[in-house]
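1. need coordinates for the below:
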Amino acid sequence: MTTLPAHRRVPPLGGLNTTLLGLELLRLLRNRRTMIITLVMPVVFFLIFGLNPSYSGESAGNGNVSAYVMISMALYGAMIATTSGGAMVSVERASGWSRQLRLTPLSPGVYIFVKVLVAMMLGLAAVGVVYLVGAFTSVRMDTSLWFTTALITWLGSAVFAAFGLFMGYLLPSENVMQILGPGLAVLGFAGGLFMPLQDGSVWASIAQFMPTYGLSQLVHAPLTGDAMQWTWLLNVAVWLAIFVGGAVWRFQRDTERV
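-> Residues are numbered from 1 along each chain as shown. Next up, the predicted model:
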């Protein structure tokens with residue numbers, strides 16, 4: 001039986017280890033622009049729009065309007081965080097780092113898994129920061145909803161981790177976040193994340209096809225008391241499949257170049 005040289009053997013778990021995770025997380029945390037946009041900007045938006053005394057105390061289902069805005073800003077922050085984490089592959093491709101990694105025993109699947117995991121860790125931090133600030137302000141909602149809405153927000157942001165990976169393999173490194181930053185804001189408005197949609201309007205009909213629509217409805221439903229609809233889950237599932245499929249396609253094209 002032929003035995004692979006020690007330096008070429010596939011390590012346990014495809015090369016996944018805490019050192020690699022720590023390195024990837026540290027590299028992301030050193031990006032000051034990403035940290036400011038991810039952790040600071042959503043909080044600032046919440047303080048501006050969520051604490052307006054003219055409407056913040058008004059009822060919004062099982063809480064108040066401040067709670068509604070807090071959930072929206074937490075999801076927006078998680079979207080930016082996970083997208084940024086996934087899109088880092090674009091910079092690594094341009095610098096040659098991803099090509100160097102493919103010369104090691106590290107499994108390509110593990111490389112993608114690490115990117116998604118780090119992106120989700122940053123997304124969790126984004127949600128946590130907004131909720132922490134909300135807890136010390138005028139946000140009011142049932143105690144159980146703090147955990148429920150935060151969990152749905154965080155898990156749902158996995159859609160945008162896949163989106164970031166797809167765009168990271170699709171767009172040039174020097175333009176990726178300049179394009180994705182404003183793009184996420186547009187998707188937020190188009191999907192009804194920043195303001196409730198008026199039922200029956202043309203805009204509400206268009207919004208149902210946006211990747212932010214299903215997530216926005218799901219994260220706000222526990223607060224507003226709206227019944228869960230299968231179309232929301234379908235929207236999330238379809239866009240997740242599109243982004244994952246796109247990321248896999250571009251990843252395979254990229255690896256063929258080695």
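
2. give me the buried positions along stretch 206-219.
-> Within stretch 206-219, the residues that qualify as buried are 207-208, 210-219, counting by 16 or more other CB atoms under 10 Å. Every residue, glycine included, has its C-beta placed from N, CA and C.

3. now the helices for the stretch 1-150 of the chain?
-> Applying DSSP state H, counting those that start in this stretch to the stretch 1-150 of the chain gives helices spanning 18-29, 32-35, 41-49, 65-95, 97-101, 108-135, 143-156.

4. right, so those: which one is the most enclosed?
-> helix 65-95 (a mean of 26; mean count of other CB atoms under 10 Å).

5. same for that one, what does it pack against?
-> The criterion is 3 or more CB pairs under 8 Å, 6 or more residues apart in numbering; DSSP states H and E, and the helices and strands that helix 65-95 contacts are helix 18-29, helix 41-49, helix 97-101, helix 108-135, helix 143-156, helix 158-170, helix 176-190, helix 213-224.

6. which of the helices of the stretch 1-150 of the chain sits closest to Met167?
-> helix 65-95 (5.6 Å; CB to CB).

7. pipe the helices of the stretch 1-150 of the chain into JSON lines and attach mean pLDDT and distance to Tyr55 per row.
-> Compiled in JSON lines, the helices of the stretch 1-150 of the chain are given as follows (pLDDT from 0 to 100; distance: least, CB to CB, whole Å):
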{"stretch": "helix 18-29", "mean pLDDT": "75", "distance to Tyr55": "36"}
{"stretch": "helix 32-35", "mean pLDDT": "80", "distance to Tyr55": "31"}
{"stretch": "helix 41-49", "mean pLDDT": "95", "distance to Tyr55": "10"}
{"stretch": "helix 65-95", "mean pLDDT": "88", "distance to Tyr55": "5"}
{"stretch": "helix 97-101", "mean pLDDT": "66", "distance to Tyr55": "47"}
{"stretch": "helix 108-135", "mean pLDDT": "89", "distance to Tyr55": "16"}
{"stretch": "helix 143-156", "mean pLDDT": "96", "distance to Tyr55": "20"}
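
8. for the closest residue to Ala227 other than its chain neighbours, which residues are in contact?
-> Of all residues beyond its chain neighbours, the one nearest Ala227 is Ala221 (7.7 Å), with distances taken as CB to CB, 6 or more residues apart in numbering. Residues near Ala221 by CB atoms under 8 Å, 6 or more residues apart in numbering: 227-228, 232.

9. in helices only, show me those residues.
-> Those of the contacts of Ala221 mapping onto helices are Trp232, per DSSP state H.

10. most neighbours out of the contacts of Ala221, which is it?
-> Using other CB atoms under 10 Å as the neighbour criterion, Trp232 leads the contacts of Ala221 with 19 neighbours.

11. out of the helices and strands packed on helix 65-95, nearest to Ala81?
-> helix 108-135 (4.1 Å).

12. what angle separates that closest one from helix 213-224?
-> Calculated by axes from the mean of the first three to the mean of the last three CA atoms, to 10 degrees, helix 108-135 forms an angle of 40 degrees with helix 213-224.

13. nearest to Ser90 among the buried residues of stretch 206-219?
-> Here the nearest of the buried residues of stretch 206-219 to Ser90, counting by CB to CB, is Pro211; it sits at 19.3 Å.

14. correct me, but the closest one touches Gly191?
-> Yes - with contacts counted by CB atoms under 8 Å, Pro211 reaches Gly191, the gap being 6.9 Å.

15. of the helices and strands packed on helix 65-95, which is nearest Val69?
-> Closest approach to Val69 among those is made by helix 41-49 (5.5 Å; CB to CB).

16. quick one: contacts of the closest one?
-> So helix 41-49 is contacted by 69-70, 73-74, 76-77, 80, 126, 129-130, 133-134, 137 (CB under 8 Å, 6+ apart).

17. distance to Val202 added to the helices of the stretch 1-150 of the chain, as JSON lines?
-> As requested, those are exported to JSON lines (distance: least, CB to CB, whole Å):
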{"stretch": "helix 18-29", "distance to Val202": "40"}
{"stretch": "helix 32-35", "distance to Val202": "36"}
{"stretch": "helix 41-49", "distance to Val202": "25"}
{"stretch": "helix 65-95", "distance to Val202": "22"}
{"stretch": "helix 97-101", "distance to Val202": "43"}
{"stretch": "helix 108-135", "distance to Val202": "31"}
{"stretch": "helix 143-156", "distance to Val202": "26"}
